[in-house]
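In: What follows is a predicted structure for the sequence shown.
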Amino acid sequence: MNQETAEPTTSVRNFSVQLSPTPRGARLARLLATEQLRSWGLPLDPARHVVAELAANAAAHGRVPGRDFRLILYVVGDTLRVEVTDTRGERLPELRTPGPDAESGRGLLLVEALAHRWGVTEGRPPSKTVWAELRLTPPEPGL
C-alpha cells in the first residue's frame with residue numbers, strides 16, 4: 001500500500017534573542033535581524049528599519065535596569081512578524097505627530113508607514129510586546 005504523507009505547504013521560521021536595553025543592545029538587534037533576514041534569503045528593507053525603531057524604543061522607553069528586552073522574528077507564509085518585548089508594561093507606546101522642530105518622536109510613524117499593521121500586546125506584568133507585521137515580496141532576480 002502506498003501512503004503519501006502530507007507535508008505542510010507553509011514553512012515557519014523564527015529567531016529570538018535577548019538583549020540589554022541600551023543603545024548598544026538596540027544596534028545589535030538591528031544587526032542580528034539583518035543577518036538573520038539575509039540568511040533566510042528575505043529582503044532586508046523595510047524590516048531592519050522596523051526592528052531598529054522598535055528596539056530603540058525598548059532601550060529608550062522600556063528600560064528597567066537589570067531587565068533585558070527580547071527581539072523575535074518569525075515568518076509564516078508571506079508575513080514577517082517583528083516583536084520586541086520589554087518590561088515596562090505600564091508605558092504603552094503612543095502614535096503622535098511631533099512638531100516640525102522636534103528632534104525625535106517619529107519612530108512609530110515610520111513603523112506605521114512601513115508595516116502592513118502593528119500594535120501592542122500586554123503581557124504578563126510587567127511586560128508588553130510591540131509588534132509589526134510586514135508582507136514579504138520575493139527579492140528581484142540577481143539582487
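Out: Perfect, I can see it now.
In: so where's the chain uncertain?
Out: Along the chain, the model assigns pLDDT under 70 to residues 1-10, 138-143.
In: Centre-most residue in it?
Out: residue 82 (2.7 Å; Cα atoms, centre = their mean).
In: That one looks like it's in a helix, true?
Out: No - Residue 82 is assigned strand when assessed by DSSP: H, G, I helix; E, B strand; the rest coil, not a helix.
In: Name all residues that make contact with it.
Out: Shown in contact with residue 82 (Cβ atoms under 8 Å, 6 or more residues apart in numbering): 33, 47, 50, 51, 54, 71, 72, 73, 131, 132, 133, 134. For every residue, glycine as well, the C-beta is placed using N, CA and C.
In: Could you measure from the first one over to residue 50?
Out: With distances defined as Cβ to Cβ, to the nearest Å, the gap from residue 33 to residue 50 amounts to 9 Å.
In: try residue 131
Out: Residue 131 is 10 Å from residue 50, by Cβ to Cβ.
In: Please enumerate the helices of the protein.
Out: 23-40, 47-61, 107-114 (DSSP state H).
In: distance between the shortest one and the chain's centre?
Out: By that I understand helix 107-114. How far helix 107-114 lies from its chain's middle: 12 Å, per Cα atoms, centre = their mean, to the nearest Å.
In: buried set for it?
Out: 107, 108, 111, 114 (16 or more other Cβ atoms under 10 Å).
In: from those residues, which is closest to residue 37?
Out: Of all these, residue 37 sits closest to residue 114, with 14.0 Å by Cβ to Cβ.
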